[in-house]
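Asker: can't give you the sequence, but here's the structure:
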């Protein structure tokens, strides 16, 4: 579903970045204990989604779909860096975003 949305909307990459901002602003600082509690689950989901997006992009021939799957993989890296809650990871996250 996300890949089709990304193909039709040029600003969807900005909406994906807005989602990462919402994680930073609301999830981590308002619910720090829940973020630590769900850390293994979130990291498992991000790794699985990262692998699925990376292997799916290998089969694509349409450039727009390749960009969409690469954007999904990019957001998985950002979410993983967010929930690790390391100072270096957060600093690199702001630089990478």
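Answerer: It's in. Note that this is a predicted model, so its numbers are computed, not measured. Residues are numbered from 1 along each chain as shown.
Asker: So what does residue 86 look like in phi/psi?
Answerer: Main-chain dihedrals, residue 86, degrees, to the nearest 10: phi -110, psi 140.
Asker: buried sites along whatever helix or strand residue 67 lives in?
Answerer: Assessed by DSSP states H and E, residue 67 sits inside helix 63-84. Burial within helix 63-84, assessed by neighbour count using 16 or more other CB atoms under 10 Å, is assigned to 65, 67-69, 71-76, 78-83. No exception for glycine: its C-beta is placed from N, CA and C like everyone else's.
Asker: for this protein, which spans come out with low pLDDT?
Answerer: 1-14, 16-17, 93-94, 96-97 (pLDDT under 70).
Asker: coming back round to it: output the contacting helices and strands for the helix holding residue 67.
Answerer: Applying 3 or more CB pairs under 8 Å, 6 or more residues apart in numbering; DSSP states H and E, we find helix 63-84 packed against helix 2-8, helix 12-22, helix 39-57, helix 87-96.
Asker: Provide the contact partners of the longest one at residue level.
Answerer: For helix 39-57, the surrounding residues in contact (CB atoms under 8 Å, 6 or more residues apart in numbering) are 65-66, 69-70, 72-73, 76-77, 79-80, 83-85.
Asker: let's see 7 Å
Answerer: 66, 69, 70, 72, 73, 76, 79, 80, 83 (CB atoms under 7 Å, 6 or more residues apart in numbering).
Asker: Return the closest of those with respect to residue 36.
Answerer: residue 83 (8.8 Å; CB to CB).
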